[in-house]
Structure formats: structure tokens, C-alpha cells
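Asks: Just to be clear, the model below is a prediction. Sequence and coordinates:
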Protein chains: 2
Amino acid sequence: MTFTAHINVMPLKELLDPQGKTVLGGLKNLGIQVQDVRIGKHITLQIDAASKEDAAKIAETACQKLLANQVMEYFEITIQ
Amino acid sequence: MTFTAHINVMPLKELLDPQGKTVLGGLKNLGIQVQDVRIGKHITLQIDAASKEDAAKIAETACQKLLANQVMEYFEITIQ
């Protein structure tokens, strides 16, 4: 069976997000009132696996080994 | 009230995703079997608004004016 893993990789909440601050300024210049902006990666993986749990394990391994730099980022995985 | 808009900005499905293909190759080199990878942006906005609908409108405007290049990308908004 083919599963889709939806992964969000975001900067740790304690860290300043310079990219987010830049976009926040841009939105304000356009007259769009927003209190804060944080920007990360959204990654979708198509995974062939026997079960949802197996697909989740593969996605978790992919995040730990390559997709997320866990010194500065955290990740959230949703399997569909 | 403060709402959080979770926005995914992804490359259009018809377009090749070179970044995704590179990561796909990297995962295969690590022995992680995945069928396809697509990479986009995950953006969270903190929005002060009177209602969820108002927050959704602000997020939609932000996407159309700045956050997404609609020639090559599509966006999905979830308000919490």
C-alpha cells in the first residue's frame, strides 16, 4: 500500500526566525496586519509500506537522518 | 482573538520538483526506500482577528500578495 507522509520541519520555537521576520516586514509594508510569521519546510513523501506504522517509521528515520537538523529544527509527521 | 494560520505552499503537481528529486536520491543513498518526495514551505501566521473567517481572509490575502507564487505554486490554509 502507498501512504503519504506530510512532514513539517520548523525552526525551534526558542530560535529567532530571520526569514519569518523579513516576511513579517513585507506583509506590514503591504498593509497586511499579522502578529508573527515563522517559516519552515513542508515535505510530502510517497511511501510503499505494509502498514501505516511501517510508513511512520520510514518517515521518522528519513527525518532523523536527512530531512531535519535537530539542533535547530523540530519535525511533525502526519500519515495519510 | 489570536488565531494561528498553518499554510503549506507547494510546487504545482504538474511541475518537476528538482529539490524533491535531490532529497529522494539522498534518502536512497541512506537506504531509505521512498517512492517520491516533494518539498515546499510551511508557514505559520499569528493573526489577531475578530473571527476565524476574518483570520482566514487575512491569511488568504497574505498568500496571494506575498507568500505564494501562483504561477508555480499552490497553497493550503488551515486556521486553528
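Replies: Sure, I can see it. Numbering: from 1, shown residues only, chains lettered A, B, ... in the order given.
Asks: Which residues does the helix or strand containing A:V23 contact?
Replies: Element membership of A:V23 [criterion: DSSP states H and E] is helix A:18-29. Under the criterion Cβ atoms under 8 Å, 6 or more residues apart in numbering or on different chains, residues A:11, A:33-34, A:36-39, B:43, B:62, B:65-67 lie in contact with helix A:18-29. Every residue, glycine included, has its C-beta placed from N, CA and C.
Asks: rerun at 6 Å
Replies: Residues outside helix A:18-29 that contact it (Cβ atoms under 6 Å, 6 or more residues apart in numbering or on different chains) are A:34, A:37-39, B:62, B:66.
Asks: Which pair in the residues you listed has the greatest spatial separation?
Replies: Of all pairs drawn from those, the greatest distance, 14.9 Å, lies between A:R38 and B:L66 (Cβ to Cβ).
Asks: Neighbours of A:L15, how many?
Replies: A count of nearby residues for A:L15, using other Cβ atoms under 10 Å in any protein chain shown, gives 12.
Asks: quick one, phi psi at it?
Replies: Dihedral angles phi and psi of A:L15 (degrees, to the nearest 10) take the values phi -90, psi 150.
Asks: Give me the nearest residue to it, chain neighbours excluded.
Replies: Across the structure, with Cβ to Cβ, 6 or more residues apart in numbering or on different chains as the measure, the residue nearest A:L15 apart from its sequence neighbours is A:M72 (6.1 Å).
Asks: Around chain B, pick out the residues from chain A.
Replies: The interface of chain A toward chain B, taken as Cβ under 6 Å from any Cβ of the partner chain, is made up of A:8, A:26-27, A:30, A:32, A:34-40, A:42-48, A:61-62, A:65-66.
Asks: Now, of these, which are buried?
Replies: Burial by neighbour count, 16 or more other Cβ atoms under 10 Å in any protein chain shown: within these this picks out A:8, A:27, A:32, A:34, A:37-40, A:42-45, A:47, A:62.
Asks: Mean confidence (pLDDT) on the host helix or strand of A:A59, please.
Replies: For A:A59, the host element (DSSP H and E) is helix A:52-62. Per-residue pLDDT over helix A:52-62 has a mean of 97.
Asks: between it and helix B:18-29, how many degrees?
Replies: 100 degrees (axes from the mean of the first three to the mean of the last three Cα atoms, to 10 degrees).
Asks: Show me what helix A:52-62 is packed against.
Replies: The elements that helix A:52-62 packs onto, with contact taken as 3 or more Cβ pairs under 6 Å, 6 or more residues apart in numbering or on different chains; DSSP states H and E, are strand A:36-48, strand A:73-79.
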